[in-house]
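Chemist: take a look and give me a structure for this.
(one chain, ligands or ions: 1)
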Amino acid sequence: MQTLAQHLSSQGIQAPLAQLLTTLADTSKAISHAVRHGALAGVLGATEQENVQGETQKKLDVITNDMLKEALTADSTVRGLASEEEDHIVEVGQSGDFLVCFDPLDGSSNIDINSLVGTIFSVLPAPQGELSEQSFLQPGRQQVAAGYVLYGPSTMLALTTGQGVQLFTLNPETNEYLLTNEAMSISKDTAEFAINMSNQRFWEAPMQTYIADLLLGKIGPREKSFNMRWIAAMVGDVHRVLSRGGLFTYPTDNKNPEKPYKLRLMYEANPMSFLVEQAGGKASTGYETIMDIQPSEIHQRVAVILGSANEVDACLEYHGQDYSEEPSL
Ligand code: AFP
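Modeler: Next up is the predicted model:
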C-alpha cells in the first residue's frame, strides 16, 4: 500500500503543495491522538469562550485550532490562514504559495458523546502583494486541493488535488497514512438521504415537497423507499456519501431570519464540493453550483445540497432548476 508521500510523488504533486499536504496530514495525526484520549486528557467539555459564529467553543475546538495554526505558521509554503475559530484571517508568512481555510474540528457538538468529528481543509493559491481578507475570497473552483480527516473507528484522510479523490487510512501501529482507495466514486443514484428533519417546518416549500416525496417512498412519486441518516457532523455524512452514495443537505431555513444558512462556504461547503465533484457527484445551493459562488466574506454561510448526481438533479427539479449540465470533473 502506498504511503501518502509515495502517492503525492506518484501523482507528480509539486514540492510546495506536497509539503503543505504533509503538514496537514501530520497535524491531523496529533489531532487524532488528542481526540482518542478524550476525557483522559481533560480535553472534553466547553470553554467560556464564544467564536465568531456565536458558538461556545469546545476545549478541543481551541486545542485543534491552535495545533493547526502552529503547524501552518511554521510551514514556509503558507501565506495565510482562515479558520472557523478565528474572527479574522491570519497572515503567517511573506512568501508562501498557499492560503489555507479550515474547520479544525467539524461536528464538535459530537465530542462529548464520543461520536464522529473531523477536520476539513481547503487550499487556495496565494495572490501576490498585500494580504487581506479579500485575498481569500476566491470561488471554490480556484481550490488547488481540499480534504477532510474523519476521526472515527479508523482515522481516514480523504484528499483531492483535482485528480479524483484518494482515501488514506492511518495505520495506528506505524502512525503512517496508507492509500486504501485510489479513486472514490459516488454512485449516480441513491436511496439514502441525510437532513436534520427537526427543521422541517422552517424549510422553503421546494425542500419540504422534495423531502415529503422521499418519505412517501413506493406509494409516492419517487416510487421507491428511501433510508435516512444524520450524523450531525458534515465530515461523517459526506464520508458516507463518498463511500456508498447518498444525498446530504443542509437547506436554507427561516428558524433564525438572521442566519438563513448553517454551513460555511470557505471551509465546509467549498472543500466538500470539490471532493464530491471530483468523485462524480454534484454540489449546489439549490439555485447555484457551490464552487461557482463568488464569496463575499470569510465566514459566509450557504445552503448545501450535495451527493449522487442524479439525486441532486431530482432535488434541483423541485427548486425549478435546469439540471441538464454535467458535473465538471
Ligand atoms: P458543530 O461543529 O457546531 O457541531 O456543527 C457541525 C455542522 O456545522 C456540520 O458539520 C453538521 O452537518 C451540522 O453543523 C449539524 O447541524 P445540526 O446540529 O443543526 O444538526
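Chemist: tell me which residues of stretch 35-47 come out buried.
Modeler: By 16 or more other CB atoms under 10 Å, the buried positions in stretch 35-47 come out as V35, V43, L44, A46. (Each C-beta comes from the backbone N, C-alpha and C, glycine too.)
Chemist: try stretch 71-91
Modeler: Applying 16+ other CB under 10 Å to stretch 71-91 flags 71-72, 75, 77-86, 89-91 as buried.
Chemist: before we move on, back to that, nearest to the ligand, of the buried residues of stretch 35-47?
Modeler: Using CB to the nearest ligand atom, A46 comes nearest to the ligand of the buried residues of stretch 35-47, at 11.3 Å.
Chemist: residue contacts, the closest one?
Modeler: For A46, the contact set (CB atoms under 8 Å, 6 or more residues apart in numbering) comprises T56, Q57, K58, K59.
Chemist: remind me which helix or strand A314 belongs to.
Modeler: Assigned by DSSP states H and E, A314 belongs to helix 309-318.
Chemist: who's in contact with that helix?
Modeler: If you take CB under 8 Å, 6+ apart as the criterion, helix 309-318 is touched by 186, 188-190, 193, 206-207, 209-210, 213, 222, 246-247, 249, 280-284, 286, 305-306, 323, 327.
Chemist: so which of the buried residues of stretch 35-47 sit within helices?
Modeler: Under the assignment DSSP state H, the buried residues of stretch 35-47 contribute V35 to helices.
Chemist: can you lay out the buried residues of stretch 35-47 as TSV showing pLDDT and distance to T23?
Modeler: What follows is the buried residues of stretch 35-47, written out as TSV (pLDDT from 0 to 100; distance: CB to CB, whole Å):
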residue	pLDDT	distance to T23
V35	94	19
V43	75	22
L44	81	27
A46	83	28
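Chemist: now distance to the ligand too, for the buried residues of stretch 35-47, in a markdown table please.
Modeler: Shown next, in a markdown table, are those (distance: CB to the nearest ligand atom, whole Å):
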| residue | distance to the ligand |
| --- | --- |
| V35 | 13 |
| V43 | 15 |
| L44 | 14 |
| A46 | 11 |
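Chemist: hey, which helix or strand in this protein has the poorest pLDDT?
Modeler: Least confident helix or strand of the chain, by mean pLDDT, DSSP states H and E, is strand 56-58 with a mean of 80.
Chemist: how about the residues of this protein by the ligand?
Modeler: Contact residues, the chain versus the ligand (CB under 6 Å from any ligand atom): E55, D106, G107, S108, S109, N196, A232, A233, M234, Y250, K262, L263.
Chemist: show me which of those residues are buried.
Modeler: So, by 16+ other CB under 10 Å, the buried ones in those are D106, G107, S108, A233, M234, Y250, K262, L263.
Chemist: sitting in strands, which of the residues of the chain next to the ligand do you find?
Modeler: D106, Y250, L263 (DSSP state E).
Chemist: what sits against the last one?
Modeler: This points to L263. Contact partners of L263, counting by CB under 8 Å, 6+ apart, are M234, Y250, A269, R301, V302, A303, V304.
Chemist: looking at those residues, which one is closest to the ligand?
Modeler: When the contacts of L263 are compared against the ligand (criterion: CB to the nearest ligand atom), the nearest one is M234, at 3.4 Å.
Chemist: L17 belongs to a strand, doesn't it?
Modeler: No. According to DSSP: H, G, I helix; E, B strand; the rest coil, L17 belongs to no strand; its state is helix.
Chemist: hang on, the earlier thing: the contacts of helix 309-318, buried ones only, as a ChimeraX selection?
Modeler: Buried members of the contacts of helix 309-318, defined by 16+ other CB under 10 Å, are picked up in ChimeraX with:
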select :186,188,190,193,206,207,210,213,222,246,247,249,280,281,282,283,284,286,305,306,327
